[in-house]
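Novice: What follows is a predicted structure for the sequence shown.
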Amino acid sequence: MAASAPVLLRVLSAAYGAAERAGEIIRRIMSEGDLGIVEKNGALDLQTKADRLVQQSIVGYLARHFPALKVIGEEEVEAGGSPELLEGSLSDEILQQTCPEELSKAQENELIVWLDPLDGTKEYTEGLLDHVTVLIGLAYQGKAVAGVINQPFYNYKAGKGAQLGRTVWGVLGIGGFGFHPAAIPGGKCIVVTTRSHSNKLVNDCVDAMMPDKVVRVGGAGNKVLQLIEGQASAYVFASPGTKKWDTCAPEAILHAFGAACVEIVF
Ligand SMILES: O=P(O)(O)O[C@H]1[C@H](O)[C@@H](O)[C@H](OP(=O)(O)O)[C@@H](O)[C@H]1O
Ligand SMILES: [Mg+2]
Ligand SMILES: [Mg+2]
Ligand SMILES: [Mg+2]
């Protein structure tokens, strides 16, 4: 790994390769047909064999290259996993970037990785495959500063033989890459929000935006990608529920790209 690059870029480059590998695992398990679904805290909070294997793979791979790095993953699984899971490539594109001075000072033991190995698990079990993403966010001094999002089934509606999957990334002060930014046509107000955790407060906040259209999809990562690529003007979810592993990577990429994340304090 290019030892001369700042550690933040080296970690992000490794996270990019790990996310690509994770997408392959998620597609393979879906094709094998046995998702190994377990309920964690009720029917809305599921975990599959893909959630477990991907977390083992990414945690194991990062630990091997960055032993002082703190990784906080959604799933409670044993570390390790079979050696084939610990593979991953690197992103030269990331290693070649000029890191903003502030971030280049970050030491390995000062970075925290917030990992959602499979965001949109419920949708994965229901076959809503484009809602699924892998989220690897980097936080430094309490702030989301960089992230990688892999979308394993990107392009899956293009039919047999289509090139599946993509990985997007971003760093504060460098920018966001791998996606197709677009504005909402005709200045319309399109709000994207939850498909599975609605309540009166959530719906009242959405209605207060006086939207021309409301899009209800799963996946925190997926909703942010809808924003960036012009399928929505705002992601509104006025409810506790999303965790830092859901938001770190999307928030960093949104900010890197020049958009904004706001939160309502209850
Ligand atoms: O990684 P999972 O558990 O699939 O992440 C969940 C989020 O925790 C949950 O907040 C999202 O709910 P909404 O769709 O209601 O926003 C869910 O889609 C997944 O992102
Ligand atoms: Mg979950
Ligand atoms: Mg999630
Ligand atoms: Mg998850």
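Specialist: Here it is on my side, so go on. Numbers count the residues shown, from 1 in each chain. Ligands and ions are numbered 1, 2, ... in the order given.

Novice: rest of the way, CA atoms for contacts and neighbours
Specialist: OK.

Novice: Show me which residues of the protein sit near ligand 3.
Specialist: 119, 246 (CA under 5 Å from the ion).

Novice: and the longest helix seen in the chain, what other elements does it pack with?
Specialist: Ordering each helix of the chain by length in residues (DSSP state H) puts helix 7-32 first. The contact analysis (3 or more CA pairs under 8 Å, 6 or more residues apart in numbering; DSSP states H and E) places helix 7-32 against helix 49-65, helix 92-95, helix 101-104, strand 133-140, strand 143-151, strand 166-171.

Novice: would a markdown table of these with mean pLDDT, distance to residue 5 and mean neighbour count be doable?
Specialist: Below are the helices and strands packed on helix 7-32 laid out as a markdown table (pLDDT from 0 to 100; distance: least, CA to CA, whole Å; neighbours: other CA atoms under 10 Å):
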| stretch | mean pLDDT | distance to residue 5 | mean neighbour count |
| --- | --- | --- | --- |
| helix 49-65 | 94 | 14 | 22 |
| helix 92-95 | 95 | 6 | 18 |
| helix 101-104 | 97 | 9 | 13 |
| strand 133-140 | 98 | 16 | 28 |
| strand 143-151 | 98 | 15 | 27 |
| strand 166-171 | 98 | 14 | 24 |
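
Novice: want to try TSV for the ones you listed, with distance to ligand 1 as columns?
Specialist: Formatted as TSV, the helices and strands packed on helix 7-32 follow (distance: least, CA to the nearest ligand atom, whole Å):
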stretch	distance to ligand 1
helix 49-65	8
helix 92-95	26
helix 101-104	28
strand 133-140	9
strand 143-151	13
strand 166-171	17
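
Novice: could you dump those to CSV with distance to residue 243?
Specialist: Listed next are the helices and strands packed on helix 7-32 as CSV, based on distance: least, CA to CA, whole Å:
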stretch, distance to residue 243
helix 49-65, 16
helix 92-95, 26
helix 101-104, 24
strand 133-140, 12
strand 143-151, 13
strand 166-171, 19
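
Novice: looking at these, which is closest to ligand 4?
Specialist: Closest of the helices and strands packed on helix 7-32 to ligand 4 is helix 49-65, at 6.7 Å (criterion: CA to the ion).

Novice: For the longest helix of the chain, list every residue counted as buried.
Specialist: For helix 7-32, a neighbour-count test (16 or more other CA atoms under 10 Å) marks 7-27, 29-30 as buried.

Novice: same check, this time on stretch 71-88
Specialist: Residues 71-75, 80-81, 85-86, 88 are the ones in stretch 71-88 that count as buried (16+ other CA under 10 Å).

Novice: Next: stretch 243-256.
Specialist: Those would be 244-256, for stretch 243-256 by 16+ other CA under 10 Å.

Novice: Closest one to residue 125 out of those residues, please.
Specialist: The nearest member of the buried residues of stretch 243-256 to residue 125, counting by CA to CA, is residue 246 at 18.1 Å.

Novice: Now do the closest one against residue 238, distance only.
Specialist: Shown here: residue 246 relative to residue 238, a distance of 15 Å by CA to CA, to the nearest Å.

Novice: How about residue 89?
Specialist: The gap separating residue 89 from residue 238 is 38 Å, by CA to CA.

Novice: Among the two, which residue is more densely surrounded?
Specialist: More crowded of residue 89 and residue 238, by other CA atoms under 10 Å: residue 238, with 21 against 15.
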